[in-house]
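[1] how would this look folded up:
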Amino acid sequence: MSGHSRWAGIKHKKGAADKKKGKLFTKIVRELTMAAKTGGGKVDNNPRLRKAIDDAKEANMPMDNVKKAIARGTGEIPGVSFEEVSYEGYGPGGAAVFLTGTTDNRNRTSSEVRKIFSTHNGNLGESGCVAWMFESKGSITIEKKEWKDEDRLMTIAIESGGEDVKSEDADLFEVVTMPADFEKVKAALQSAGIPIASAEVTMIPQSTVPLSGGQAEQMTALLEELEEHDDVSDVYANCEITG
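    Numbers count the residues shown, from 1 in each chain. Okay, the predicted model is just below:
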């Protein structure tokens, strides 16, 4: 199983238990604002904004908050000016870590991210040091307990533009797409009545680094603390936790 999916599985299991609603809302508001800022406030022309609105609905965020965040992004109402940032580095065992986020103070965020890496036996690297190890792909997962027919899933996914259907995970099928085909494939699966567990455009590692024991524990702690930081939106790693 690929490193990004293994980490996604860990996140799925811990779920809302370690995510306070206020912190989650903060991240969603920032994503709504940045999506509107970079792609405009019209959902039909902005897949990133559509995804952010879906996340807001799933988190039961009041629509008034959603509308205000979008309006701040388009400049209709004033607000804090955010910029997008990305960081790259290495965790325990030499596993690559790539993260993206938004901040209103780049120097502060860089300092705090560097400290998190150092605390968990990792190192923040220079721009470009690990980004080349990851490829942007659409990832759609379906729980096997909710959908049994792998052949039909494969047919629908491929005919609608999907690249591959993976079933190495004991609990999940994963449909992989090019980013440009992601929405089309997702819509085709939904139209066929296939229940989707998660759907996102993510960064998939081209190779993985197996981690176990103390290194696996340190890496998990590193990734979790990075994810919990208010300025961090997404965290990707090429580790495969083997035990």
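[2] who are the packing partners of the longest helix along the chain?
    Across the chain, the longest stretch assigned as helix under DSSP state H is helix 21-39. If contacts are counted by 3 or more C-beta pairs under 8 Å, 6 or more residues apart in numbering; DSSP states H and E, helix 21-39 sits against helix 47-58, helix 63-74, strand 96-103, strand 232-237. Placement of C-beta: from N, CA and C, glycine included.
[3] can you lay out those as CSV showing distance to Met154?
    Listed next are the helices and strands packed on helix 21-39 as CSV, based on distance: least, C-beta to C-beta, whole Å:
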stretch, distance to Met154
helix 47-58, 24
helix 63-74, 36
strand 96-103, 30
strand 232-237, 26
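[4] could the ones you listed go into JSON lines alongside distance to Ala197, mean neighbour count and mean pLDDT?
    Formatted as JSON lines, the helices and strands packed on helix 21-39 follow (distance: least, C-beta to C-beta, whole Å; neighbours: other C-beta atoms under 10 Å; pLDDT from 0 to 100):
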{"stretch": "helix 47-58", "distance to Ala197": "12", "mean neighbour count": "18", "mean pLDDT": "89"}
{"stretch": "helix 63-74", "distance to Ala197": "23", "mean neighbour count": "18", "mean pLDDT": "92"}
{"stretch": "strand 96-103", "distance to Ala197": "23", "mean neighbour count": "22", "mean pLDDT": "93"}
{"stretch": "strand 232-237", "distance to Ala197": "18", "mean neighbour count": "22", "mean pLDDT": "90"}
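[5] who wins for proximity to Asp169 among the ones you listed?
    The closest of the helices and strands packed on helix 21-39 to Asp169 is strand 232-237. By C-beta to C-beta, the value is 16.6 Å.
[6] what pairs with the closest one, parallel or antiparallel?
    The pairing partners recorded for strand 232-237 under DSSP bridges are strand 96-103 (antiparallel).
[7] which stretches in the protein count as strands?
    83-90, 96-103, 123-124, 134-143, 164-166, 172-177, 198-205, 209-211, 232-237, 239-241 (DSSP state E).
[8] so which bits of the fourth one are buried?
    Spelled out, that is strand 134-143. By neighbour count on 16 or more other C-beta atoms under 10 Å, the buried set for strand 134-143 is Phe134, Lys137, Gly138, Ser139, Ile140, Thr141, Ile142.
[9] so where's the protein uncertain?
    Along the chain, segments meeting pLDDT under 70 span 1-21, 243.
[10] kindly recompute the last result at 50.
    1-18 (pLDDT under 50).
[11] what residue lies at the spatial centre of it?
    Asp234 (4.7 Å; C-alpha atoms, centre = their mean).
[12] so who does it touch?
    Listed by C-beta atoms under 8 Å, 6 or more residues apart in numbering, the contact partners of Asp234 are Leu99, Thr100, Gly101, Thr202, Met203.
[13] redo the strands of the chain as a markdown table? Include distance to Gly22.
    Converted to a markdown table, the strands of the chain look like this (distance: least, C-beta to C-beta, whole Å):
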| stretch | distance to Gly22 |
| --- | --- |
| strand 83-90 | 22 |
| strand 96-103 | 17 |
| strand 123-124 | 27 |
| strand 134-143 | 27 |
| strand 164-166 | 35 |
| strand 172-177 | 30 |
| strand 198-205 | 22 |
| strand 209-211 | 32 |
| strand 232-237 | 16 |
| strand 239-241 | 29 |
